[in-house]
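[1] got a predicted structure here, sequence first:
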Amino acid sequence: MQPKRGVEEARKNLPVLLEQAHRGKTVLITKHGKPFAAIVGVDNIPKKDGVSFLRLRGTGKGQWGRSSRQTIRRLRAEW
């Protein structure tokens, strides 16, 4: 059985929970006593059709232009 933590407790202990996940321990996060999210290590994420989500790393490169900060400022200024 996976250890459970409430959202607030998880927020306060996030660095510890992340380190545990990195070492292979999965932690279930609950909100109002109901399962809400999980912290898992990258190696424990199931692969679909043999493809890891890590292959997506860098696929959005350049999507925001040369400076994502400037693009976001420009988009915010439109509002």
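    Cool, the structure landed.

[2] need the pLDDT of the residue nearest the centre of the chain.
    Among the residues of the chain, the smallest C-alpha distance to the mean C-alpha position (Cα atoms, centre = their mean) belongs to residue 39, namely 7.8 Å. According to the prediction, residue 39 has pLDDT 91.

[3] show me what it bridges to in the sheet.
    residue 27 (DSSP bridges).

[4] unless I'm mixing things up, it is touching residue 29, no?
    Yes. Under the criterion of Cβ atoms under 8 Å, residue 39 is in contact with residue 29, at a separation of 6.7 Å. In short, each C-beta sits where N, CA and C put it, glycine included.

[5] overlap of the contact sets of the two?
    Common contacts of residue 39 and residue 29 (Cβ atoms under 8 Å, 6 or more residues apart in numbering): residue 10.

[6] quick one, longest helix in this protein?
    Within the chain, and with DSSP state H defining each element, the longest helix by residue count is helix 68-78.

[7] how far is that helix from where the chain is centred?
    For helix 68-78, the distance from its own C-alpha centre to the chain's C-alpha centre is 24 Å (Cα atoms, centre = their mean, to the nearest Å).

[8] going forward, count from 44.
    Okay, using 44 as the starting number, the last item reads as helix 111-121.

[9] average pLDDT for that helix?
    Per-residue confidence for helix 111-121 averages out to 86 on the pLDDT scale.

[10] what of stretch 57-77?
    Averaging pLDDT along stretch 57-77 gives 91.

[11] buried ones in it?
    Of the residues in stretch 57-77, those with enough neighbours to count as buried (16 or more other Cβ atoms under 10 Å) are 60, 63-64, 70-72.

[12] fine by me, thanks again.
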